Every structure is written in C-alpha cells, then in structure tokens.
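Asks: here is my input; please provide its structure:
(one chain, ligands or ions: 1)
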Amino acid sequence: MAKQYDVLFRLLLLGDSGVGKTCLLCRFTDNEFHPSHISTIVCPTGTLVGGSSIPLTLNRKSWQYQLLTIVGWPLSVHPSIHPSIHPSIHPSIHPSIHPSIHPSIHPSIHPSIHPSSIHPSSIHPSIHPSIHPSIHPSIHPSIHPSIHPSIHPSIHPSILHPSIHPSTHPSIHPSIHPSIHHICPLLLLIRVDFKMKTLLIDGIKVRIQIWDTAGQERYQTITKQYYRRAQGIFLVYDITSERSFQHIMKWASDVDEYAPEKVQKILVGNKSDEVEKRQVATAQGIKLATAYGMDFFETSAFTNHNITETFTRLAEQVLAANKRDLDLLRISINDEINLAALEEEEGLRECAGGDQDKSCWC
Ligand SMILES: Nc1nc2c(ncn2[C@@H]2O[C@H](COP(=O)(O)OP(=O)(O)OP(=O)(O)O)[C@@H](O)[C@H]2O)c(=O)[nH]1
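Replies: Modelled structure (predicted):
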C-alpha cells in the first residue's frame, strides 16, 4: 500500500475570539463556511496536569477531544455552562465504556435520538438504563473508568442539548449543579478541534494537523499548553477589528515565550471580503509582518480568498525549516537500504564464488 504521507507537522491557529480561526480551518479542510460564531471552548480555568487525546465522531464529523485532568476547579459554575447548547451533535458512547460512567450520564441529556441507534446488547447493562436512547454510542474505549467524574457540559456549546441546563438533574455532573462547589481533582472532556490535510510539496507528502484554539482570554492558560508542540503558527486578526490587530503583538510575544524557537509563523488578516467595515489597512498588515519577519496574507474564509495559499505557505516554511532533519533522516534510511543492498550483494557474490554446484540459499 502506498505510504499516506512522508512527514507530519502540527500547525496552530491563534488570534482573538471571533477573528475567524474555525472558519479558516473549515474552509481549508472541508471547503465549508459557517456564518455563525460558536466560540471554540478549551475548558474552564484550572491547572492542566495531564491529558490524552480521544477521537470522537459527532454528526459524521471527526473531532478530537482531550481528556484533561484539572485541579483547582473554580468555586462557581463556569459561565460556559449555558443553556444555549447546540441541539445537533450527539455525543456517542462506545459500547466498551466502563460502567462507572453510569451515574454521570443522565437520561435527560436528550430525548430525540432514535433508540435504534444504540445496539442494546453492546451496552453494558449498568450503563444501558441510564443512557438515553438518543445518544449514539461512541466515546472511545480509552476513556474508560477515569472519565466517570468528569464528563462536563462545558465540553463545547455544540455538543449538548439545551435541555442540559445547570438545573438539570445533579447526577449529570456535580459541578454543573449550582449548589456544588468543590471538585478537585476533576477530569474534563473538552473539544480541541484539529483537522488534517495532506499537501504535496516538492514531491513530499506533507500531512498537516491544524489545531484550532479558543481565542477567548479565559482559556489561554490551557491554549498555551499546545504551543510547544507546534511547528507552525498562524497569527490571525480580523481586518474589521483594529483591536484584534493590536492584540497580535500579545499573541506574538506569547508564541516567543511558549513555542519552540524554530516555530514558523505567518500573519493572517482575515475577512478581507468585508470591504466596508475594514479598520486595518493592508499596508499595516504588511508593515507588522515585515517587522516580525513573517509572511503576510489577507484571507477570506467567506469567499475562499487566499485560503489554500496561506496554509500551503506555512506548510512550506515548516518543511523548509525541518528539511535538514528530514534530509539527515533520509540519508540514514538510505544508508540502511544501501547497507542491506551491499550485504545482499556480498552474499550473492559469496554464493557465486563458492561451490558452483551448491544450491544458493541466499
Ligand atoms: N465576512 C466574513 N466573516 C467571517 C469570515 N471568517 C469568519 N467569519 C465570521 O466571523 C465569526 C467568527 O468566526 P469563528 O471562525 O467562529 O471565529 P474564531 O476565531 O474561531 O472564534 P473563537 O472560537 O471564539 O476563538 C463567524 O460569525 C464567522 O461566520 C470571513 O472571512 N468573512
């Protein structure tokens, strides 16, 4: 089978909330545009002490969730637990999910999904009665018992139904209930969006994993945890927002502080279609990018202007920055191949030079 890619790079989208990071990503990977703004939520304040990644399929789309261990839960219910949660995404629970999840998932989650979507025999008996028929099974097996105290409605506005209001039954999760204030440590299942795409650059199949972060200030402690694993960063502002442009300096200084030294950066002025509302001139973008030594693109996720160009450019830069390492890797692989070929050849020669009547087992 042909190799799916040669190298894998991790890119990160950074910028204020509402500049269009999620839209840029969706336009690039799925050629879709979402007119409404649903804030990407990382997770409520707390201290990240560990985590592992879990893929989940929601609405036939693949999203990445992070199972995070948070300590120091705030004393009040987080504002992100809000009734305006989107009705369309059905969290699925994998059949192998451990019974200990049982008390934390409540039948009130949502009444509308068809019972046939869950295969009764595949669900552990102790989970079954408490999961409402509407929930499609599919939290990954790796979630296992540790998830129990942690499924939390702040996951993402789009994942839970409005019916999950803080006043809902406290067994959904203690922290959702206004009266319960102390939970520590706490495990959280949160959505950290990333999407993948493979590009062909100089004959190299470059797979890029693009992480969409939450622009909201309150999530930035957590977001910074992703910087150090990034090889490329998009610093995004909105050309209709002078403020988002001013904040680029803050984002850039965070990158300097938390990202690896070799990280590649690109400045992106999004919403170029909003001609009437423009507050940041193209020349200002160019000037800032030049000052930081970055490339600069004005984009529109709405009209698809410069989207592929921007993502490809950053991937090219990351590839160029890592080319030396790649070449070294390739040389060592080639050396191994050459050595194997040499050994094989020598073996053949030995056989050929030996007793001609003997069968060669080389
Ligand atoms: N006109 C126009 N609107 C856009 C464009 N890109 C995004 N938007 C709109 O801007 C709003 C915010 O977009 P998002 O992609 O959700 O913003 P975000 O940066 O991911 O925001 P957070 O998740 O809160 O950090 C949405 O209403 C989008 O429809 C664009 O290129 N042109």
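
Asks: what is the neighbour count of the closest residue to Lys21 other than its chain neighbours?
Replies: Among residues not flanking Lys21 along the chain, Leu13 sits closest, at 4.1 Å (Cβ to Cβ, 6 or more residues apart in numbering). In this view, the C-beta of every residue, glycine as well, is placed from N, C-alpha and C. For Leu13, the count of nearby residues is 25 (other Cβ atoms under 10 Å).

Asks: next helix or strand past whichever strand or helix holds Leu13?
Replies: Taking DSSP states H and E as the definition, one finds Leu13 inside strand 7-15. As assigned by DSSP H and E, the chain's next helix or strand after strand 7-15 is helix 21-30.

Asks: list the buried ones in that following helix?
Replies: Of all the residues in helix 21-30, those buried under the rule 16 or more other Cβ atoms under 10 Å are Lys21, Thr22, Cys23, Leu24, Leu25, Cys26, Arg27, Phe28, Thr29.

Asks: for that helix, packing partners?
Replies: The contact analysis (3 or more Cβ pairs under 8 Å, 6 or more residues apart in numbering; DSSP states H and E) places helix 21-30 against strand 7-15, strand 194-201, strand 204-212, strand 232-238, strand 264-270, helix 307-321.

Asks: would JSON lines of those with distance to the ligand be doable?
Replies: Below are these laid out as JSON lines (distance: least, Cβ to the nearest ligand atom, whole Å):
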{"stretch": "strand 7-15", "distance to the ligand": "6"}
{"stretch": "strand 194-201", "distance to the ligand": "13"}
{"stretch": "strand 204-212", "distance to the ligand": "6"}
{"stretch": "strand 232-238", "distance to the ligand": "7"}
{"stretch": "strand 264-270", "distance to the ligand": "5"}
{"stretch": "helix 307-321", "distance to the ligand": "9"}
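
Asks: which of the ones you listed sits closest to Thr290?
Replies: strand 264-270 (9.5 Å; Cβ to Cβ).

Asks: what element comes up after the closest one heading to the C-terminus?
Replies: Downstream of strand 264-270 (by DSSP H and E), the next one is helix 282-292.

Asks: so what touches the helix or strand that that following helix is followed by?
Replies: Where DSSP H and E defines the elements, the next helix or strand beyond helix 282-292 is strand 295-298. The contact list for strand 295-298 (Cβ atoms under 8 Å, 6 or more residues apart in numbering) reads 239, 266-270, 272, 282, 285-286, 288-290, 305-306, 309-310, 313-314, 317.

Asks: please repeat the previous calculation with a cut-off of 6 Å.
Replies: Ile266, Leu267, Val268, Gly269, Ser272, Gly285, Ile286, Ala289, Asn306, Thr310, Arg313 (Cβ atoms under 6 Å, 6 or more residues apart in numbering).

Asks: for ChimeraX, write the select line for the buried members of these.
Replies: Selection of the buried residues among the contacts of strand 295-298 in ChimeraX, burial being defined by 16+ other Cβ under 10 Å:
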select :266,267,268,269,272,285,289,306,310,313
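
Asks: which of the contacts of strand 295-298 sit farthest apart?
Replies: Maximum pairwise distance in those, criterion Cβ to Cβ, is 15.8 Å, between Ser272 and Arg313.

Asks: ok, back up a step: now do the strand holding Leu13: which elements does it pack against?
Replies: strand 204-212, strand 232-238 (3 or more Cβ pairs under 6 Å, 6 or more residues apart in numbering; DSSP states H and E).

Asks: is it possible to export these to JSON lines including mean neighbour count and mean pLDDT?
Replies: Listed next are the helices and strands packed on strand 7-15 as JSON lines, based on neighbours: other Cβ atoms under 10 Å; pLDDT from 0 to 100:
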{"stretch": "strand 204-212", "mean neighbour count": "20", "mean pLDDT": "89"}
{"stretch": "strand 232-238", "mean neighbour count": "27", "mean pLDDT": "97"}
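
Asks: so which of those strands comes closest to His247?
Replies: By Cβ to Cβ (comparing all of the helices and strands packed on strand 7-15), the closest turns out to be strand 232-238, at 7.1 Å.

Asks: counting by contacts, list what that closest one packs against.
Replies: strand 7-15, helix 242-246, helix 248-258, strand 264-270.
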